[in-house]
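Enquirer: Model the structure of this input:
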Amino acid sequence: MKKIRKAVIPVAGLGTRFLPATKSMPKEMLPVVDRPVVQYAVDEAFEAGIEHIVFVTGRNKAVIEDYFDLHPELIGTLEQTGKKTQLEALESMLPVAGATSFIRQQSPQGLGHAVWCAREVIGNEPFALLLPDMVSFGGRGCLAETVDLYERTGGNVIAVERCDPSETNKYGIVGRGAEIGGGFEVTAMVEKPAPANAPSNFYINGRYILQPEIFALLGNQQRGAGNEIQLTDAMVRLSKDQPFFAQPFLGRMFDCGSKEGFIQANIAFALARNDMKGPVFEMLQEFVRSHERQEEAA
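Expert: Next up is the predicted model:
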């Protein structure tokens, strides 16, 4: 069994759900408290033992590459002004030299195409895939739990969570088979099924470990939903020859690609910080009281 050394993080999306904010700022750079969304995915990857991250970028995403680089002027200013805490925080988040690659996806052709663009850097080895819009919240990162299952089962592993059974038509849903190693065998993968047709209420939450054979399938994958090359379509084909397993995530994933999920993530991460939870909790209580007063007055 090969160790999971590399991870792909696709960051080429246009972020249309956050316009006009994303007209000139990549959606991956929107802050959750005081860190951009993409930083959480990178931290999660390194926590899980990833050694090299491949970012699949697009036009107007150069700021992401700059973010993960040294900023001598900023460092000099922090040193001169004695802001040691901020300086140490920046240094701790900086990947070591050679630990990142940036690949250009010239046109938006879907998640499957973005993953395929990383094939030359990944090579012939299994890899992790993290969708940066999905921000992991909990004691351990979601990818670390997924890697744990992979080390027990091999094959391909998908992280999952439960959704309301009435909302399966919003997600990619997997069928639940025999339990194994803390997870379970995947018996089906269905994109946004109607509740009556869903094989379970476990949805794919944006963390994957995939074998390199997926690249050949993506290379000749027919366009699917949205006239794009869909990763799920290629995984269904791969599942005919290789096993897939699912790891239920013990924490919670926030969809920061949606406005509601983005706000939820900011609140959850702020309440988890000792330096913020008191004032933020009081602010939320006052908002609720004010809203209730307005409702009574109406």
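Enquirer: Please give the three-state secondary structure assignment for Lys2.
Expert: coil (DSSP: H, G, I helix; E, B strand; the rest coil).
Enquirer: Am I right that it is in contact with Pro126?
Expert: Yes. Using C-beta atoms under 8 Å, Lys2 is in contact with Pro126, at 5.6 Å. From N, CA and C alone the C-beta is placed, and that goes for glycine too.
Enquirer: Compare these two (neighbour count), which wins?
Expert: Neighbour comparison, Lys2 and Pro126: the larger count goes to Pro126, with 22 against 12 (by other C-beta atoms under 10 Å).
Enquirer: Can you read off the pLDDT for that one?
Expert: Listed pLDDT for Pro126 reads 97.
Enquirer: Ile209 is in contact with that one, correct?
Expert: Yes. Using C-beta under 8 Å, Pro126 makes contact with Ile209 at a distance of 6.1 Å.
Enquirer: list the residues that contact both of the two?
Expert: Taking C-beta atoms under 8 Å, 6 or more residues apart in numbering as the contact rule, Pro126 and Ile209 both touch Ile4, Tyr150.
Enquirer: Now that Val42 has come up, it's in contact with Ile9, right?
Expert: Yes. Under the criterion of C-beta under 8 Å, Val42 makes contact with Ile9 at 7.2 Å.
Enquirer: Just the mean pLDDT for the helix or strand hosting Tyr40, thanks.
Expert: In this assignment (DSSP states H and E), Tyr40 forms part of helix 37-47. In this model, helix 37-47 has an average pLDDT of 96.
Enquirer: which residues touch the closest residue to Ala268 other than its chain neighbours?
Expert: Nearest-residue entry for Ala268: Phe137, 5.6 Å, with adjacent residues in sequence omitted and distances by C-beta to C-beta, 6 or more residues apart in numbering. By C-beta under 8 Å, 6+ apart, Phe137 lies in contact with Gly251, Arg252, Met253, Phe254, Ala265, Ala268, Phe269, Ala272.
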